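Peer 1: show me how the following folds:
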Amino acid sequence: EVQLAESGGGLVQPGGSLRLSCAASGFAFSDYAMAWTRQAPGKGLEWISDIDSSGQHATYADSVKGRFIISRDNGNNTLYLQMSSLKPDDTAVYSCSKGVSSETTKEYDSWGQGTQVTVSS
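Peer 2: Sure thing, here's the model as predicted:
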């Protein structure tokens, strides 16, 4: 059974930083692309970033480009999202998702429960 468990969320002031983690189990983590998405209150799901299975190719939404960095540790089956220069608009529940192949196709078949990030002074 695929399991994705996010952690690292919390309350941070505007301009601050957070690092989210996603611990993966139940599948061959190093064989699949992974992604982060978020959902703000009252808004739809927003794709943020994805990374291929090797970790060498990543893409970002314009809303986070230059501020967020996605990475992965295939030895520890963990996906990360380093977030900096956070804005109130970044407030959302952040979730990781498992791709359907090694490449970043923007197709996913499993999602975690998410971790809350609140950016507020």
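Peer 1: tell me, what's the model's pLDDT at the nearest residue to residue 13 once chain neighbours are set aside?
Peer 2: Spatial nearest neighbour of residue 13, chain neighbours left out: residue 121 (5.4 Å); criterion: C-beta to C-beta, 6 or more residues apart in numbering. In short, each C-beta sits where N, CA and C put it, glycine included. Among the per-residue scores, residue 121 holds a pLDDT of 94.
Peer 1: against residue 93, how distant is residue 121?
Peer 2: Distance of residue 121 to residue 93, computed by C-beta to C-beta, to the nearest Å: 20 Å.
Peer 1: if we can go back for a sec, wait, doesn't the residue nearest to residue 13 sit right on residue 14?
Peer 2: Yes. Using C-beta atoms under 8 Å, residue 121 makes contact with residue 14 at a distance of 5.9 Å.
Peer 1: and those two? Which one has more around it.
Peer 2: Neighbour totals were compared for residue 121 and residue 14, and residue 14 leads with 13 against 8 (other C-beta atoms under 10 Å).
Peer 1: which SS state does that one fall under?
Peer 2: Here residue 14 is coil, with the state taken from DSSP: H, G, I helix; E, B strand; the rest coil.
Peer 1: so what's it up against?
Peer 2: Residue 14 is in contact with 86-88, 119-121, counting by C-beta atoms under 8 Å, 6 or more residues apart in numbering.
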